Structure formats: structure tokens, C-alpha cells
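>>> fold the following.
(chains A and B)
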Amino acid sequence: MTEASMIGLLVATVSFGALLYLAALGELISEKAGVLNLGVEGMMAMGAVSAFMAAHQTGNPWIGLAVGVLAGALTGFLHGWFTVVLGAEQVVSGLSLTILGLGFAAYMGKNVVGRPPGGVLAPVDWGPLTDIPWAGPVLFGQAPFVYLAVLAGLATWFVLSRTRIGLALRAAGESAPTADAAGHSVVGLRLGAVVVGGGLAGASGAYLTLTLTPQWAEGITAGRGWIAVALVIFGAWRPGRAAVGALLFGGLLALKTRLQTFGVDFSPILLSMLPYVFTITVLIAISVRSRNRPSPAPAALGTTYRREER
Amino acid sequence: MRRPVLVRRDRPVRGGQPLAFAVGLVVALLVGAVLLMAAGHEPMSVYQRMFEKSLGDSNAWSLTLNRAVPLGLAGLAVAVAGSMGLWNIGAEGQILAGAMGAAWVARIGGTWPGPMLLTGMLVGAIVGGALLALVPAVARARIGVNEIITTLMLNEIALRLLQWLIHGPWKDPASFNFPLTPMLPDQAHLPMLFGRAHYGVLIAGAVILVFGVAASRTAWGYELRIAGSSADTARYAGISLKRKILTVLLLSGGVAGLAGGVELSGTADRLTEGISNGFGYAGIIVAALALLRPSGVAVVALLFGAVQVGGQSIQIIGVPASVSTILQAFILFGAIGAGVFVRYSVRLIQMGVDASGEGEEAT
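Numbers count the residues shown, from 1 in each chain, chains lettered A, B, ... in the order given. Here you go, the predicted structure:
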């Protein structure tokens, strides 16, 4: 294992980690407000195709990013509308959103499959910082999305744990009647959380088509949305722990294509099972422990709130 | 200022769900028409072709029935768990596990006579599906681990396992490195019924019928519903919740697994990565639209089968098959939207007055 390949692994770890982290943060915000959204994969696909098409049209990848975020947010809004406003089952609506998003994205993008990108968001040049050994390429040789993910993580942590609106949002996810009694609009908070979550999933999708691949193809999300759902649980609904999990799962994604180069005789396919195995293990561990202490899951997660039926 | 609120009706509107379903269908067709026109297609001729190729003649019906088999079994699997208030999101993985179970039996029993091999494969499929549901079932029954996420995660795990098998130990040596297993032996195929329809149609129909009867006419089904509606009531009635959860989730996994086995020996020549084609996820929509009733599952599965077969038939005229995916999702969203009004009525309420209080309500 050479130094260069080791650095390459770390660069890819951070890069994939940010991809997963963006989507996971969105799911985390949504779940914190009490809405389980299993449509991450669909929202990512919508963000990915919209971002690519917008960049393709305008030649400006930043416009692509904005459109991708918007597309993800709009797709998320659909879930919010049906579950929060109309009271549909969150599980059913979320999975339908995945099916719809994947189908819609495939339909929209059929004319740009394999086309060259209109513009890519290339790694940021940090000047001399990039030349630092190891830390340079790993931390300062990354695409804007990575720094966006870090900022989004810090912002999520700050808003959720240090602001009034964050407190209200968490209240909506723990006990909606309490949040309501305190004068907050539970519907507004939850809808807002799902829309913001959709926007972050859209950003994650845009990362795929504007930087990582950078092309559009059907099925480009390749199940990463499910890893994002897993990450929220793995990270115990905390932005900081989710970041650690994102690096771990991102590392597994990065390692998958490099096993052979490192001379490790292990199936990359079996390796890619690990995030899901870890998540099930963590979920079981949480349940075993929560006999003595409260579960980290938002108490009202997955339930519909209707003031009229209190 | 007045604002609208939803007020629960004393009882749902009679015949409301079929009506909501019809609304969903209309919404989906309208949205689809807009999308088709936006891409320069003629919606009516596309829909006409979809209809003809899925329900137009007996050959079309045979294809639709074949499609309805995995959709119906997956839908039933979700409905069985759902009748107890459990969410089996893992039907997709259980279908794959069932197909792997059946393929394994076909590997070791390649020389067995047909009936024995087919029976073995279907049993292998049921066991495979149930095995994949084992961890979520035990975790839920023993320590209360939420089954939604565990079953969902196992979908991805089962997919990787299948990929590993067909890339490695089970790969056809003569496949030029394509990830697929060798062809199934001839006697491993289900007999034909008519046209392209195979005996899986009868198997699925029988299984759905048995569950329909069991759910509505037996003590077992009654206990299931009680356990699903209130854990406390179930405990008073002496129903063991743990055992019920365990058996229902394993049964649900087994039914989904059976879908995989039937799909393998009915319509596929060999095990490939695409053996399921998203049937497990579509099955959740099917079950939701059917309000978790077995009879409804059969009807909705047939319609979804038709939409999927129709979707494939329009590829030849240059329309992407993703149209059918979009249609399926919008049928559900349309029906959810309409379904709200089956259970709720809309009232306009004076702003600034607490809806639960004595405010002046205006209808």
C-alpha cells in the first residue's frame, strides 16, 4: 500500500462521506421534527437530474446546484403535504416518493443520459494549504460540496440545540401537543423540516451529477439514499455522531473500489453490506440499552398530529 | 378570516376506498398525460396501446396475470404484517431471498423429477423469505426493535448477497463473466396455464384466498386484529403478543419469499440481479391501496400488473417505461388525497378560536 493510494483512499472517504452526510442531515432534520421520510433515494434522484439538466442548459454548475436543491425540496414538500397536512402513513408516502422520484428522474433525464456536463463544481483551490502533506489533499483538495456539508452539519447542530426554533422543532418531534400548547405550529414546523430535508437530499444528488460522476444516468443514486436513512440511526439522531458515521460509511464506499489495489482478497460486494449490518446492530443495541435509559429516537417519530383529535 | 380544518367523520364514507382508488387512477392518468404531452407524445394513443397490450386479449391478460403474481404476493405479505400493525418494508429483500432459496434447491436437485423439484424450490423460497425476516421478527418480538428500519436494511443486505452469489460461487462458468447463474433445469419451470401465464397465478390466487379466509373467518385472524388494534386488550384476552409478532413477521417473509420462488421458476430462466424488479416496494403501495385486505390486494395487484405490462409495451414506440412507475406512484398519491375525504370532512373554522374549544364553527 503506497502513500499515494492511502491518500487517495482518505480523499475519497471524505468525499463520499460528505455525499452521505448531506442527505443524512436532511433526514435527521425531518425525523427530529417527527417525520420519517423514506423517500431520500427519490429526492436525491430528483436533485441529481435537475441539477445536471440546469447546469447543462445554463453552463453554470452553481445554478445547477440551486435547481437541484429546489427540486429536492419540492419533492420533499410532496411527502410533507401528504403526511403532515393530510395525515397519510409516513412509511407508505415515503416509499412511494422513492418510486416516484426514481421514475420521474428517469423520465425527465432521458435526453441527457451520457451527455457531457454543462459545468462541474471542481475542487476548491485553497492555495498553499492544498500543498500540506496528507491534510492538504484530504481536507483542502475537495469539491465545494464537502465544505457545504460541513457547514450544513454545523448549522444543523446549532439550530437544533441552540435556538428557539430548533427547540420548537424538537418538541414537534417529541411531543406534538406540547409544541402546540407552547404556541408553535406543528404543521408548519414539520412541513418546513421535511422541505429543508428534501433540499439537502437534493444537494446530495446534485453532488453526484455535478462533481462525482459527473453525468446523469438512471439509477445513479444506487441505494445511497438508504445509507443516509441508516446513518441517522447510526448517528443516534445527532449531527456530530452522524458525521462520524458518514466518514465510516464513506470510507467503506471508498474502500469498495480499492480492495484489489490494496491486495486484500475480500469481496467488495460483501463489504458494501456492512453499513446496513452496522445499522441493524446499532438499532438492536439502542433497544437493549433503552430499557435503562430513554431511546435517542424522537418519541413522536412516524405519528400524525391532529390538534382536533387531541 | 376562516381556515379549513379536517374533522373526522363518525364513520368513513361507504364505498369510499374504491372511489378514492378511482380518483387516484384518474389523477395518475391526467398527470401522465401532461408528462407525455410535454415530451411530444400523443397521450391517448400511448394509453390505448398500454391498455391493448395489457388487457386487450388473452395473451395480454396472461402477461398481466404473471406480473400480478409477485405484486399480489408481496402486497399480501405487507398486508399480513399490517393487519397486526407491523410494517414489513422488507418484501423486496425477502423476494430476493426466496429466489435465492429456490435457486439453491434447483442447484442441488437438478436431477430430481419435476414435481419434487418444484415443490422443493417453492419450499426453499418460503424458507428463504422467512429466514430474512427472522432477525427483524425476533428483534421486534423480544426487545421491541422497530421492524421498519431492520426490514428495510435487510433489503440492501439481501441484494448484496444475491450479487455476491451471482458474481462468485453461483456464477455460470459459461456466462463470459456475466453475473448470472446457469439456466434452470427444464423441469424446474412451472407448468403453463394459458398463453404466457404459468401456474404461479393459481398458487398466488390460492395463497391470497387462504389468507383472506383466515384473516376474516378464523379465530387466528380475529386475534391478529385485536393484537394489532390494542396491545392491552390482547394481553387481557390471553393472546401472546410475542408469539404473534414472531409468527406474523415470519409468515409475511415467507409469503414474500414465495413470490421470489414463483418468479424464478415461472418467468425467469435463471437467477439474475433483476429478478425482483422492485416488486417488494410496489407491494407496499398495493397493500396500502387495498387497505391491507387480501381481496383488495388481488384487485390492485392486477391493475398494477396491467400498468407495468403496459409500461413495457410502450418502449417500442419510444416512450420510456418509467411512465408506468410514475403512474403507479400517482395512483397512490391521488388515492391518499381522495382517501382523506373518505374519513374526514372539511370545515371552515373561525381564525383565532381554538378548534377543540367552543368556537363558532361554520360548515
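>>> buried sites along the helix or strand hosting residue A:80?
If you go by DSSP states H and E, residue A:80 is part of helix A:61-80. Within helix A:61-80, the residues that count as buried by 16 or more other CB atoms under 10 Å in any protein chain shown are A:61, A:63-80. Any C-beta I mention is one placed from the backbone N, CA and C, and that applies to glycine too.
>>> residues contacting the residue in the stretch 1-150 of chain A that chain B sits nearest to?
Of all residues in the stretch 1-150 of chain A, residue A:103 sits closest to chain B, at 3.0 Å by CB to the nearest CB. Residue A:103 makes contacts with B:322-326, B:328-329, as judged by CB atoms under 8 Å, 6 or more residues apart in numbering or on different chains.
>>> within reach of chain A, which of those are there?
Among the contacts of residue A:103, the residues lying close to chain A (CB under 8 Å from any CB of the partner chain) are B:322-326, B:328-329.
>>> keep only those of the residues you listed that are in helices.
The helices, defined by DSSP state H, take in B:322-326, B:328-329 from the ones next to chain A among the contacts of residue A:103.
>>> can you tell me which of these is closest to residue B:4?
Using CB to CB, residue B:329 comes nearest to residue B:4 of those, at 26.2 Å.
>>> give me the neighbour count for that closest one.
26 (other CB atoms under 10 Å in any protein chain shown).
>>> what of residue B:208?
Residue B:208: 21 neighbours (other CB under 10 Å).
>>> in which helix or strand does the spatially closest residue to residue A:73 that is not a sequence neighbour reside?
Excluding its sequence neighbours, the residue lying closest to residue A:73 (CB to CB, 6 or more residues apart in numbering or on different chains) is residue A:199, at 3.9 Å. Using DSSP H and E, residue A:199 falls within helix A:186-207.
>>> mind listing what's buried along that helix?
A:186-187, A:189-207.
>>> which strands and helices lie in contact with that helix?
Under the contact criterion of 3 or more CB pairs under 8 Å, 6 or more residues apart in numbering or on different chains; DSSP states H and E, helix A:186-207 touches helix A:3-32, helix A:40-58, helix A:61-80, helix A:144-162, helix A:164-174, helix A:176-181, helix A:224-234.
>>> could you verify my assumption that residue B:143 touches residue A:287?
Yes - applying CB atoms under 8 Å, one finds residue B:143 in contact with residue A:287, separated by 4.7 Å.
>>> look at these two and report which has more neighbours.
residue A:287 (18 against 14).
>>> next, the contact list for that one, please.
A:295, B:139, B:143-145.
>>> how big is the angle separating the helix or strand hosting it from helix A:224-234?
Secondary structure from DSSP H and E places residue A:287 in helix A:274-289. Helix A:274-289 runs at 30 degrees relative to helix A:224-234, counting by axes from the mean of the first three to the mean of the last three CA atoms, to 10 degrees.
>>> which parts of helix A:274-289 are buried?
Quick answer for helix A:274-289 (16+ other CB under 10 Å): A:274-280, A:282-284, A:286-287.
>>> avg pLDDT for that helix?
In this model, helix A:274-289 has a mean pLDDT of 91.
>>> tell me which other helices or strands the helix holding residue A:80 touches.
Counting by 3+ CB pairs under 8 Å, 6+ apart, helix A:61-80 packs on helix A:3-32, helix A:40-58, helix A:90-108, helix A:186-207.
>>> just for the chain, where's the confidence low?
Since you didn't name a chain, this refers to chain A. For chain A, applying pLDDT under 70 flags the ranges A:1, A:308-310.
>>> please go with chain B instead
Low-confidence segments of chain B, defined by pLDDT under 70: B:1, B:351-363.
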